[in-house]
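> Here's a sequence, model it:
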Amino acid sequence: MLDTLKRDSAPLSDDSGMFELAPVSLWLEDFSGVRALFDTWRAEGVTDLRAHFAADPRCVAECAHRIRVIKVNRQTLAQFEAADFDTLTGNLGSVFRDDMLKTHLEELCQLWAGQLQFTSHTVNYTLGGRRLDVLLKGAILPGHEERWDRVLVSTEDITELEGARRRVALAEQYARGLFEHSPVSLWVENFSAVKRLLDDARAAGINDFRVFTDVHPEFVERCMAEIHVLDVNQHTLEMFAAPDKKTLLARLSEVFRDDMRPHFREQLVDLWDGKLFQQREVLNYSLDGSEVYVHLQFSVLPGHEENWDLVLVALTDITARKKAEAYLEFLGKHDVLTKLRNRSFYVDELNRLERKGPWPVTIIMADLNGLKRVNDQLGHAAGDALLRRAGEVLAKAMESPFHAARIGGDEFAILMPDTDERGGAMMIDAIRQLVEMNNQFYPGSPLSFSMGAATCQRGDRLEAGVQRADLLMYEEKRAHYEDQPGADAAGK
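Next up is the predicted model:
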């Protein structure tokens, strides 16, 4: 016991060689001045040291000035570029500066709380001005707990380690910034459960995965349910009208539905065939119900090919392009003014029906009465309004697979596959009833059609049927104008 006390009370005499040659910077310091200052503050009623420092930050510096350096080892002199002990201690203001007091505050608070050891990450400077990141550890030596007059402090140079950590943090921040602020919707997903399902199917003897999913569509649903979304970026929230990530992830079934399923099935087929990078166009939905057409790029990230546990999915919004394509397609087959099919569609459909049927095919030719008079007397805006009304009526009368087309200025054709003469007569009656209703809602120029119908059987030329229907339409048109004195049938 006596030997132990002697070793504890005089560590330098017995272990001076060990202290001097230690490969880490060691300082033997006297904190008794700090202890006396703490006792004074406690006597004055201070209970919260951190609050005391916040009220008067100068108190931290006062504590620092009360610490006396007794001895340092060789590694300390080398680390801080000091020639000797006196040079180092005479320039401590150059060593401990700037943010040092902030970390010193933490050390003091640990001592105030009764701890006999303290630690902190701090910044020191060599006498040459080089910045050092330091891991500081201190301990009140045994036998000096009352006065704190012997405190052993190590200052380990971790500049390289901290530099590497900062570089990693900056790289992560950079990568996160690229992810979060990408103008493309990015999804980080875990497909490992999907891979296990595919592996199980292969192990069960499945060879033709496409046929397997035809017979078992529920397998596709199961795979879809096993996808785990790990993260999405900000653009994803904006694209899918989600207020935050939690809401989006909780409502994914509203985003990936309907037409997404066959696309996902094709994605699974590609994965089955070993295609770990894929791209395709798919339809998703935003949380407000809007359609979102996207160009999807799917990639299993390098290093994760074995388990598919990290997958990056990039979605580029192509909704505007799809709408433009749809509109161009619409323009190619529709009349812009009436919204009915146009002459190009009429010619193609006539040829298709002549090749494939189904028979019989009934053709109705219709001519809008009085358009020239309306244009001449009221202007083309009024004439266009009458044509739009004609389009509304004919569109209302159509049911699939029937089509109405505007094939000339005031000329319309109705193609009715798998319909006989009786069906054609019923269509003409339905149009006349709709015209009567339309005229009740639109005062001014009355809407009126002259119509003729012809039915063709298998083997007939449809163009001949068009001519017959045209003749019947013109007969009705002449009768219409004969009932209106002064009207010019030829001028419509």
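
> Number of residues surrounding residue 171?
10 (other Cβ atoms under 10 Å). Quick note: C-beta positions are derived from backbone N, CA and C, even for glycine.

> Quick check: residue 198 touching residue 270?
No - counting by Cβ atoms under 8 Å, residue 198 stays clear of residue 270, with 11.2 Å between them.

> These two: which is more packed in?
Per other Cβ under 10 Å, whichever of residue 198 and residue 270 has more neighbours is residue 198, with 19 against 15.

> which residues does the more buried one contact?
209, 223, 268, 271, 272 (Cβ atoms under 8 Å, 6 or more residues apart in numbering).

> could you dump the residues you listed to a markdown table with neighbour count?
Below are the contacts of residue 198 laid out as a markdown table (neighbours: other Cβ atoms under 10 Å):
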| residue | neighbour count |
| --- | --- |
| 209 | 18 |
| 223 | 22 |
| 268 | 21 |
| 271 | 20 |
| 272 | 17 |
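
> quick check, nearest of these to residue 448?
residue 268 (58.0 Å; Cβ to Cβ).

> Using the three-state scheme, assign the closest residue to that closest one other than its chain neighbours.
Excluding its sequence neighbours, the residue lying closest to residue 268 (Cβ to Cβ, 6 or more residues apart in numbering) is residue 223, at 5.9 Å. Here residue 223 is helix, with the state taken from DSSP: H, G, I helix; E, B strand; the rest coil.

> wait, isn't residue 223 in contact with residue 192?
No - using Cβ under 8 Å, residue 223 makes no contact with residue 192, being 11.9 Å away.

> Quick one: the strands in the stretch 201-350 of the chain, in order.
Counting by DSSP state E, counting those that start in this stretch, the stretch 201-350 of the chain has strands at residues 228-232, 277-285, 291-300, 311-317.

> so what strands line up beside the longest one?
Sheet pairing for strand 291-300, assigned by DSSP bridges, gives strand 277-285 (antiparallel), strand 311-317 (antiparallel).

> For residue 436, grab the count of nearby residues.
Residue 436: 12 neighbours (other Cβ under 10 Å).

> whoops, I mixed them up, residue 441
7.

> Ok, the one 3 residues further on next?
Burial of residue 444 is recorded as 11 neighbouring residues (other Cβ under 10 Å).

> a strand runs through it, doesn't it?
No - counting by three-state DSSP, one finds residue 444 to be coil, located in no strand.

> Let me see the contact set for it.
Residue 444 neighbours (Cβ under 8 Å, 6+ apart): residue 382.

> Against residue 377, how distant is it?
11 Å (Cβ to Cβ, to the nearest Å).

> likewise residue 182?
Taking Cβ to Cβ as the measure, residue 182 falls 61 Å from residue 377.

> Likewise for residue 131?
Residue 131 is 91 Å from residue 377, by Cβ to Cβ.

> Contacts for stretch 422-436, please.
By Cβ under 8 Å, 6+ apart, stretch 422-436 touches 362, 364, 366, 393-394, 396-397, 402, 414, 416, 419, 447-449, 451, 453-455.

> Show me which positions of that stretch end up buried.
By 16 or more other Cβ atoms under 10 Å, the buried positions in stretch 422-436 come out as 424, 427, 428, 431, 434, 435.

> now swap in stretch 436-449 and tell me
Buried, per 16+ other Cβ under 10 Å, within stretch 436-449: 438, 439, 445, 447, 448, 449.

> May I have that stretch exported as CSV, CA atoms only?
Output in CSV follows, covering the C-alpha atoms of stretch 436-449 (Å, rounded to 0.1, in the frame of the first residue of the first chain):
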residue,chain,number,x,y,z
GLU,A,436,-84.0,19.2,-82.6
MET,A,437,-82.7,19.3,-79.0
ASN,A,438,-79.7,21.3,-80.0
ASN,A,439,-81.8,23.9,-81.7
GLN,A,440,-83.7,24.4,-78.5
PHE,A,441,-80.6,25.4,-76.7
TYR,A,442,-79.0,27.5,-79.4
PRO,A,443,-81.1,30.4,-80.6
GLY,A,444,-80.3,32.0,-84.0
SER,A,445,-79.3,29.9,-87.0
PRO,A,446,-81.0,26.5,-86.9
LEU,A,447,-78.9,23.4,-87.3
SER,A,448,-80.1,21.1,-90.1
PHE,A,449,-78.7,18.1,-92.0
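
> of all the strands of the stretch 201-350 of the chain, which lies closest to residue 460?
strand 277-285 (41.7 Å).

> Please look at residue 476 and residue 450 and confirm they touch.
Yes - with contact defined as Cβ under 8 Å, residue 476 counts as touching residue 450 (4.4 Å).

> now the helix or strand residue 106 falls within, how far from the centre of its chain.
Residue 106 is part of helix 100-112, with elements assigned from DSSP states H and E. Distance of helix 100-112 from its chain centroid, counting by Cα atoms, centre = their mean, to the nearest Å, is 45 Å.

> ok, residues contacting it?
The set of residues external to helix 100-112 that reach it, using Cβ under 8 Å, 6+ apart, is 31, 34, 38, 49-50, 53, 57, 60-61, 63-64, 96, 117-124, 136, 138, 148.

> Which of those are buried, as a PyMOL select command?
Only the buried entries of the contacts of helix 100-112 go into this PyMOL selection, using 16+ other Cβ under 10 Å:
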select buried, resi 31+34+38+49+53+60+63+64+96+118+119+120+122+123+124+136+138+148
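
> how about the helices in the stretch 301-450 of the chain?
319-333, 343-356, 371-378, 380-397, 421-441 (DSSP state H, counting those that start in this stretch).
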